[in-house]
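**Student:** Please find the sequence and the predicted model below.
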Amino acid sequence: VENSNDSLILLEFYSPFCGSCQEFAPVLNRLANRQMPNVDVARFDITEQSIPKYNNQDIFLVESTPTLYLVGHSPSFHAELYSGKHEFDAILLWLTEKLKTK
(Lines give C-alpha, C1' and ligand atoms only; values in the text may rest on other atoms or scores of the structure.)
Protein backbone atom coordinates (compact mmCIF):
# COMPACT_ATOMS: atom_id res chain seq x y z
CA VAL A 1 0.00 0.00 0.00
CA GLU A 2 1.57 3.23 -1.11
CA ASN A 3 0.50 6.79 -1.63
CA SER A 4 2.46 9.62 -3.15
CA ASN A 5 2.14 12.14 -0.33
CA ASP A 6 1.92 12.22 3.45
CA SER A 7 -1.79 11.48 3.57
CA LEU A 8 -3.20 8.59 5.54
CA ILE A 9 -5.02 5.61 4.07
CA LEU A 10 -8.07 4.06 5.67
CA LEU A 11 -7.57 0.51 4.43
CA GLU A 12 -10.28 -2.12 4.55
CA PHE A 13 -9.36 -5.78 4.24
CA TYR A 14 -12.44 -7.57 2.94
CA SER A 15 -13.79 -10.59 1.12
CA PRO A 16 -16.48 -10.26 -1.55
CA PHE A 17 -18.12 -13.36 -0.04
CA CYS A 18 -18.38 -11.81 3.43
CA GLY A 19 -21.87 -10.70 4.44
CA SER A 20 -20.52 -8.27 7.04
CA CYS A 21 -18.27 -6.72 4.40
CA GLN A 22 -21.22 -6.25 2.08
CA GLU A 23 -23.18 -4.60 4.91
CA PHE A 24 -20.18 -2.37 5.71
CA ALA A 25 -19.61 -1.25 2.10
CA PRO A 26 -22.09 1.68 2.27
CA VAL A 27 -20.37 2.95 5.44
CA LEU A 28 -16.97 2.85 3.73
CA ASN A 29 -18.43 4.60 0.70
CA ARG A 30 -19.83 7.36 2.93
CA LEU A 31 -16.40 7.79 4.50
CA ALA A 32 -14.78 7.96 1.06
CA ASN A 33 -17.35 10.49 -0.13
CA ARG A 34 -16.73 12.60 2.95
CA GLN A 35 -13.41 13.63 1.34
CA MET A 36 -11.57 14.20 4.56
CA PRO A 37 -8.35 16.15 4.06
CA ASN A 38 -5.27 13.92 4.02
CA VAL A 39 -7.27 10.66 4.20
CA ASP A 40 -7.67 8.29 1.27
CA VAL A 41 -9.92 5.23 1.43
CA ALA A 42 -8.90 1.90 -0.11
CA ARG A 43 -10.11 -1.70 -0.13
CA PHE A 44 -8.00 -4.85 -0.28
CA ASP A 45 -9.62 -8.09 -1.43
CA ILE A 46 -7.98 -10.87 0.60
CA THR A 47 -9.33 -13.52 -1.80
CA GLU A 48 -7.36 -12.01 -4.71
CA GLN A 49 -3.96 -11.45 -3.09
CA SER A 50 -1.96 -12.31 -0.03
CA ILE A 51 -2.08 -9.79 2.79
CA PRO A 52 0.79 -7.36 2.14
CA LYS A 53 3.93 -7.27 4.22
CA TYR A 54 6.26 -4.40 4.95
CA ASN A 55 9.97 -5.16 4.75
CA ASN A 56 9.02 -8.87 4.79
CA GLN A 57 7.25 -8.44 8.13
CA ASP A 58 3.62 -9.26 8.86
CA ILE A 59 2.17 -5.96 9.99
CA PHE A 60 -1.50 -6.47 9.13
CA LEU A 61 -3.30 -8.93 11.36
CA VAL A 62 -6.54 -9.91 9.63
CA GLU A 63 -8.44 -12.50 11.64
CA SER A 64 -11.87 -11.58 10.29
CA THR A 65 -13.38 -9.28 7.72
CA PRO A 66 -13.97 -6.46 7.44
CA THR A 67 -10.77 -5.29 9.14
CA LEU A 68 -9.74 -1.64 9.07
CA TYR A 69 -6.30 -0.09 9.41
CA LEU A 70 -5.14 3.49 9.25
CA VAL A 71 -1.88 3.49 7.33
CA GLY A 72 0.65 6.28 6.96
CA HIS A 73 4.13 6.84 5.60
CA SER A 74 5.20 10.05 7.26
CA PRO A 75 7.61 10.33 8.92
CA SER A 76 7.91 6.53 8.73
CA PHE A 77 5.60 3.65 7.88
CA HIS A 78 2.91 2.90 10.46
CA ALA A 79 -0.36 0.98 10.55
CA GLU A 80 -2.94 1.15 13.30
CA LEU A 81 -5.76 -1.37 13.67
CA TYR A 82 -9.26 0.03 14.18
CA SER A 83 -11.01 -1.90 16.93
CA GLY A 84 -14.27 0.03 17.36
CA LYS A 85 -17.74 -0.45 15.94
CA HIS A 86 -18.02 -0.59 12.17
CA GLU A 87 -20.36 2.38 12.12
CA PHE A 88 -19.94 5.67 10.26
CA ASP A 89 -19.97 7.99 13.29
CA ALA A 90 -17.59 5.83 15.33
CA ILE A 91 -15.04 5.53 12.51
CA LEU A 92 -15.32 9.22 11.65
CA LEU A 93 -14.65 10.16 15.29
CA TRP A 94 -11.63 7.82 15.38
CA LEU A 95 -10.25 9.31 12.16
CA THR A 96 -10.79 12.85 13.43
CA GLU A 97 -8.86 12.04 16.61
CA LYS A 98 -6.04 10.45 14.60
CA LEU A 99 -5.79 13.50 12.33
CA LYS A 100 -5.44 15.74 15.40
CA THR A 101 -2.43 13.75 16.60
CA LYS A 102 -0.82 13.41 13.19
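**Tutor:** It's in.
**Student:** Look at Y69 and give its secondary structure.
**Tutor:** strand (DSSP: H, G, I helix; E, B strand; the rest coil).
**Student:** shift numbering so it begins at 10
**Tutor:** Renumbered: residue one is now 10, and that last one reads Y78.
**Student:** That one contacts L90, doesn't it?
**Tutor:** Yes - contact criterion Cβ atoms under 8 Å: Y78 and L90 qualify, at 5.7 Å. For glycine as for every other residue, the C-beta is placed from the backbone atoms N, C-alpha and C.
**Student:** Between those two, tell me which one has more neighbours.
**Tutor:** Y78 (22 against 12; other Cβ atoms under 10 Å).
**Student:** quick one: contacts of stretch 98-108?
**Tutor:** Residues outside stretch 98-108 that contact it (Cβ atoms under 8 Å, 6 or more residues apart in numbering): 17, 19, 36, 40, 43, 45-48, 77, 79, 89, 91, 93.
**Student:** ugh, wrong one, I meant stretch 61-78
**Tutor:** 10, 19-24, 27, 29-30, 33, 37, 53, 55, 60, 86, 88-91, 95, 100.
**Student:** Which ones among those residues map onto helices?
**Tutor:** Among the contacts of stretch 61-78, the members falling in helices (DSSP state H) are 29-30, 33, 37, 100.
**Student:** Quick check on the residues you listed: which are buried?
**Tutor:** Buried members of the ones in helices among the contacts of stretch 61-78, counted by 16 or more other Cβ atoms under 10 Å: 30, 33, 37, 100.
**Student:** Over to A41: give its phi and psi.
**Tutor:** The phi/psi pair for A41 (degrees, to the nearest 10) reads phi -70, psi -40.
**Student:** any idea how far the nearest residue to it once chain neighbours are set aside is from N65?
**Tutor:** Among residues not flanking A41 along the chain, V50 sits closest, at 3.9 Å (Cβ to Cβ, 6 or more residues apart in numbering). Taking Cβ to Cβ, to the nearest Å as the measure, V50 falls 27 Å from N65.
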